[in-house]
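Novice: can you look at this prediction? I've put the sequence above it.
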Amino acid sequence: MKFNKNINCDHCQLKCDIYQALQDSTDDFSCIKPLHVHYERHEYICKQGSPVSHAIYLVDGSAKLFIEGLNNRNITLYIMKPKTYIGLLSFFETPYYSYSVKALENSQICMIDLDCIKKLYINNHNFLLKLNKAFGKSVSSILSKIITLNQKNIRGRIADSLLYLSDLYKSDSFEMLLSRKELGELSAISEENAVRILSEFRKEGIIDVKGKRISILDRNLITKISEVG
């Protein structure tokens, strides 16, 4: 983790929702003192059970949000890419994170004091709507994950995860940042089963696997496997 205090909102190229809300506001928001932080791959951005003190915005890179279960059995709920809030589910309700977030690659985040965000949320209607929309998207992803884990077998879960990653990277051929263990955690199955199902899909001509690159060769079939799971 490396801190950079020399970047402010005016110099940031992202110009996120927070910046736009500040530009529209006539109130004093001198409390907004963004802190840019660089995280190496696999570093914790926030840890389950730790206190929530800042609003966190993913500026560059990618991260996974997951629940740390018993006996090191984790469940990854979804993957985050810019532009997105990290820890949005904990902004207003709980003083502690009920999940963890780790960087999947070298990533940059922006941290802003949570009290300032709450003030901005109350005073700026457009910002309120955008934050609520982002919150709703997070909840929708979790609900979809619950349905997958509750109703689908392991082939259906892996198919669902591969389609999810394909949509995330906007391509049927993508370099997967997740390890096989992490793919298993995204699908709530063991690493061994994840490897076995990938091998089955490859032999059946549904996907092609070359190192970390996965290509979906038969999207209709893998979609069907995901649906009937």
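Specialist: Nice, I can see it.
Novice: how many other residues sit next to residue 22?
Specialist: By the criterion of other Cβ atoms under 10 Å, residue 22 has 18 neighbours. (Each C-beta comes from the backbone N, C-alpha and C, glycine too.)
Novice: repeat for residue 207
Specialist: For residue 207, using other Cβ under 10 Å, the count is 24.
Novice: check residue 97 too.
Specialist: Residue 97 has 18 nearby residues by other Cβ under 10 Å.
Novice: now do the buried residues in the helix or strand of the chain with the lowest mean pLDDT.
Specialist: Across the helices and strands of the chain, mean pLDDT, DSSP states H and E gives its lowest value to helix 17-24, namely a mean of 76. Within helix 17-24, the residues scored as buried using 16 or more other Cβ atoms under 10 Å are 17, 18, 19, 21, 22.
Novice: just say helix, strand or coil for the closest residue to residue 41 other than its chain neighbours.
Specialist: Spatial nearest neighbour of residue 41, chain neighbours left out: residue 105 (5.2 Å); criterion: Cβ to Cβ, 6 or more residues apart in numbering. The three-state label given to residue 105 by DSSP: H, G, I helix; E, B strand; the rest coil is coil.
Novice: now residue 105. Its backbone dihedrals?
Specialist: phi -150, psi 180 (degrees, to the nearest 10).
Novice: ok, it - contacts?
Specialist: Counting by Cβ atoms under 8 Å, 6 or more residues apart in numbering, residue 105 makes contact with 41, 61, 62, 177.
Novice: ok so the first one is a helix residue?
Specialist: Right, residue 41. No - Residue 41 is assigned coil when assessed by three-state DSSP, not a helix.
Novice: what's the burial count for it?
Specialist: 13.
Novice: got it, and the second one?
Specialist: Other residues lying near residue 61 total 21 when counted by other Cβ under 10 Å.
Novice: distance of it from residue 41?
Specialist: As judged by Cβ to Cβ, to the nearest Å, residue 61 and residue 41 stand 9 Å apart.
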